[in-house]
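In: Here is the input, now give the coordinates:
(chains A, B and C)
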Amino acid sequence: MHGIGFIVATYTATFVSSALLAGYFIRRGKQLAAQLPPEDKPWI
Amino acid sequence: MFRVARLIAAKDLRVEMRSRVVTNQVLPFAAITMVMFAFAFNTDSVVNKVAPGLVWLATLFSLLTLVQRSFAIESADGAIDALRGAGVDSAGIFLGKAVALAAQLAVLEVLLLLTAVVLYSAKFRLGGVVLLVTTFVAATCGLALVGTLYGGLAAGVRGRETLLPLLLLPVVAPVLIGATRATEAALGTSGAVVADGWPWVGLLAVFVALFGVGGTLAFGPLIEE
Amino acid sequence: MATTDSQLTDTGDTGDVRRATASTTVAAVPNATGTGTPFTRILGLATIVTLALLIVFGLFISPADVVQGESVRILYIHVGTVWVAYVAFVVTALSSAAFLWKRTTSLTWDRIAGASAEVGVLFMALTLFAGALWGRVAWGKFWVWDARVTTTAFLFITYVGYLAVRGLGGSHQQRGRRSAVVALLAVLEIPLVHFSVKLWRGLHQDASVSDTTHVKLHDQMLFSLFIALIAFTLLYVWLVMHRQRVMAMQDALDDKGLDYALQQRREEGDL
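Out: Next up, the predicted model:
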């Protein structure tokens, strides 16, 4: 029943990759924010 | 704009006449590709059947080299920057280079077609000649326009040239599909009739129109430095 | 700006420039440590909740399909990701146009276009992945050469090319202009490719496999699908907002690096 394996693979790939991308954006955001003064961050 | 185009086209073709890079390097490359295809596909009947596709595939691969060559002659001494700085109409540059590229492509395609006749036993038929010529003209114009456009983008410095295949090949997919189907109809490959080919020529014409207009508008912003 | 007394200090590491501020404005401003704001926090929470609902309903509560069996669960993801991928592409195209149009031009549009494309590439890849797996179960093959599937793959390659163009270097304006033009050309190209393939495959009279994707969805299955659409849309917005802010900071840092270099050159000249 390769169907089940495919389902798990799909959900796993989707959630894991999204989480990794999200983590990368957040981390990069913190790194850069530490190097810049507030005026370069207009969303604050 | 047309005066500029004519001058640029003449310039490009003159450079080629003198340097003979296309005739000495690209045409042989294209011919070798056709031989390689035969090695890969093994059976005579298979190769005969896919001959139209192989002709256009070889054309596309050679197009990459032709486009790179077209812009390599510009980056020497910053020629294209000098043209733009002098206020030369970018649309004129675009059309001029496209015309020169089309001329080179045309020579290439005729050679490839003849090679297919020789190597793959492809056969012309009288009823399909008009379709064949129209297809080649339309496809050549389309490829020349798109090639010049993306060539301008990927031109010159710092490892941009390797980007050209990635950008260009997907974009010319409709030309590959249309030109191959129309050529099959013109030659009668796999029992195709000439009438089948004309819708594909229509597709090619739309492609030419789109990238003729789009390219003329987009070329300026693209080569602006 | 007037209250910030700043001096540039070179830490001595290659290319690492830190700006030491004499004022205390950094400490006084909340959320100065990252790209998060109250809005994105709430958005993020909503995203996590809806994604959790998707897992619960998609994988467990909703029933298996009469015809397709369990594999219908893949579709909840597949439809969700393809929807986002298309939205992302449209956003990239519109932002590109906004950047090129003189009256609205701003690098923010360029960054939104880029951020949207990055997220779009991911979701497009997931779409093709999920679609291939679903197709293997439903049709027995990973791939079919019909217009929709082929155009989706084409869209993916185009995105990848677009991101490559963004990475070509040069000034931010050049990046914006180049990639905006490429994005808009892609908009022209997509329908052309779709039509070409449709015409092409039409000749082969593939009893359209696409027909069998018409699934009759009931209640909980429909709900799972809607949850997926909502969850992925929220996720998309959240990702693009954060990515855009990261890019904005990166651009600002690039500019400061340039200012610093120019200042060094000027100081050299004054010697």
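In: So what's the residue count around the closest residue to chain C within chain B?
Out: The minimum distance from chain B to chain C, using CB to the nearest CB, falls at B:Pro174 (4.1 Å). For every residue, glycine as well, the C-beta is placed using N, CA and C. The number of residues packed near B:Pro174 is 27, by other CB atoms under 10 Å in any protein chain shown.
In: Could you find the closest non-adjacent residue to it?
Out: C:Ser196 (4.1 Å; CB to CB, 6 or more residues apart in numbering or on different chains).
In: Just to check, the one you found is in contact with B:Val171?
Out: No: look at C:Ser196 against B:Val171 with CB atoms under 8 Å: they stay out of range, at 11.7 Å.
In: Need the pLDDT of C:Thr212.
Out: Note on C:Thr212: pLDDT of 50.
In: so where is the stretch 101-250 of chain C shaky, pLDDT-wise?
Out: C:203-217 (pLDDT under 70).
In: and the gap between C:Ser116 and A:Gly23?
Out: The spacing between C:Ser116 and A:Gly23, counted by CB to CB, to the nearest Å, is 19 Å.
In: more neighbours, these two?
Out: Each of C:Ser116 and A:Gly23 has its neighbours counted (other CB under 10 Å); C:Ser116 has more, 29 against 10.
In: just checking, the more buried one touches C:Ala88?
Out: Yes: with contact defined as CB under 8 Å, C:Ser116 reaches C:Ala88; the gap is 4.7 Å.
In: Quickly list what's touching both of the two.
Out: Common contacts of C:Ser116 and C:Ala88 (CB atoms under 8 Å, 6 or more residues apart in numbering or on different chains): C:Val240.
In: Give the closest residue to B:Phe136 in space, chain neighbours not counted.
Out: Counting by CB to CB, 6+ apart, the residue nearest B:Phe136 is B:Glu109, at 5.8 Å.
In: Next, the contact list for the one you found, please.
Out: Applying CB under 8 Å, 6+ apart to B:Glu109 gives the contacts B:55, B:59, B:136, B:139-140.
In: Tell me the one among the residues you listed nearest to C:Ala164.
Out: Of all the contacts of B:Glu109, C:Ala164 sits closest to B:Thr59, with 24.0 Å by CB to CB.
In: Distance check, the residue nearest the centre of chain B against A:Leu32.
Out: Central residue of chain B (CA atoms, centre = their mean): B:Leu143, 4.0 Å from the mean position. Using CB to CB, B:Leu143 is found at 43 Å from A:Leu32.
In: same deal with B:Arg20?
Out: Distance from B:Arg20 to A:Leu32, by CB to CB: 53 Å.
In: Mind checking which of these two has more residues around it?
Out: More crowded of B:Arg20 and A:Leu32, by other CB under 10 Å: A:Leu32, with 21 against 11.
In: what's the closest non-adjacent residue to the residue nearest the centre of chain A?
Out: Residue closest to the average C-alpha location in chain A (CA atoms, centre = their mean): A:Ala22, at 1.2 Å. The spatially closest residue to A:Ala22, leaving aside those adjacent along the chain, is C:Leu239, at 6.4 Å (CB to CB, 6+ apart).
In: got it, and C:Ala88?
Out: Closest residue to C:Ala88 apart from its sequence neighbours, by CB to CB, 6+ apart: C:Gly120 at 3.1 Å.
In: quick one: what helix or strand has the one you found in it?
Out: helix C:107-138 (DSSP states H and E).
In: on contacts alone, who are the packing partners of that helix?
Out: helix A:2-35, helix C:72-100, helix C:147-166, helix C:172-203, helix C:219-270 (3 or more CB pairs under 8 Å, 6 or more residues apart in numbering or on different chains; DSSP states H and E).
In: Need the winner for burial among these.
Out: Mean neighbours per residue, mean count of other CB atoms under 10 Å in any protein chain shown, is largest over the helices and strands packed on helix C:107-138 for helix C:72-100, with a mean of 23.
In: how far does it sit from the chain's center?
Out: 8 Å (CA atoms, centre = their mean, to the nearest Å).
In: Now do the strand or helix carrying B:Ala144 and helix C:172-203, the angle between them.
Out: Taking DSSP H and E as the criterion, B:Ala144 maps to helix B:129-154. Orientation of helix B:129-154 against helix C:172-203 (axes from the mean of the first three to the mean of the last three CA atoms, to 10 degrees) gives an angle of 150 degrees.
In: does A:Ile7 really touch C:Arg73, like I thought?
Out: Yes: counting by CB under 8 Å, A:Ile7 does reach C:Arg73; the two are 5.0 Å apart.
In: Mind listing residues that contact stretch B:8-21?
Out: By CB under 8 Å, 6+ apart, stretch B:8-21 touches B:22-23, B:69-70, B:73, B:92-93, B:95-97, B:99-101, B:103-104.
In: Take those residues and, keeping just the buried ones, write it as a ChimeraX select command.
Out: Restricted to buried positions by 16 or more other CB atoms under 10 Å in any protein chain shown, the ChimeraX selection for these reads:
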select /B:22,69,70,73,92,93,95,96,97,99,100,101,103,104
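In: rewinding a little: let me know the secondary structure of the residue nearest to B:Phe136.
Out: Recorded secondary structure, B:Glu109: helix (DSSP: H, G, I helix; E, B strand; the rest coil).
In: For the chain, which residues score under the pLDDT cut-off?
Out: Chain wasn't specified; assuming chain A. A:1-2, A:44.
In: Sorry, I should have been clearer: chain B.
Out: For chain B, the stretches flagged by pLDDT under 70 are B:76-87, B:156-159, B:225.
In: So C:Glu189 versus chain B, what's the distance?
Out: For C:Glu189, the distance to chain B (CB to the nearest CB, to the nearest Å) stands at 6 Å.
In: For that residue, list the residues it contacts.
Out: With CB under 8 Å, 6+ apart, C:Glu189 has these contacts: B:171, B:174, C:158.
In: cutoff 6 Å now
Out: B:Val171 (CB atoms under 6 Å, 6 or more residues apart in numbering or on different chains).
In: Ramachandran angles for C:Gly69?
Out: C:Gly69 adopts backbone torsions of phi 70, psi -150, taken as degrees, to the nearest 10.
In: burial of C:Asp65, as a residue count?
Out: Using other CB under 10 Å, C:Asp65 has 17 neighbouring residues.
In: mind checking how far it is from C:Gln220?
Out: Note on C:Asp65: its distance to C:Gln220, by CB to CB, is 11 Å.
In: just B:Leu114 next, same as before
Out: The gap separating B:Leu114 from C:Gln220 is 65 Å, by CB to CB.
In: who's in contact with residue 36?
Out: I'll assume chain A. C:249, C:252.
In: Next up, the contacts around C:Ala117.
Out: Contact analysis of C:Ala117 by CB under 6 Å, 6+ apart lists C:92, C:159, C:162-163.
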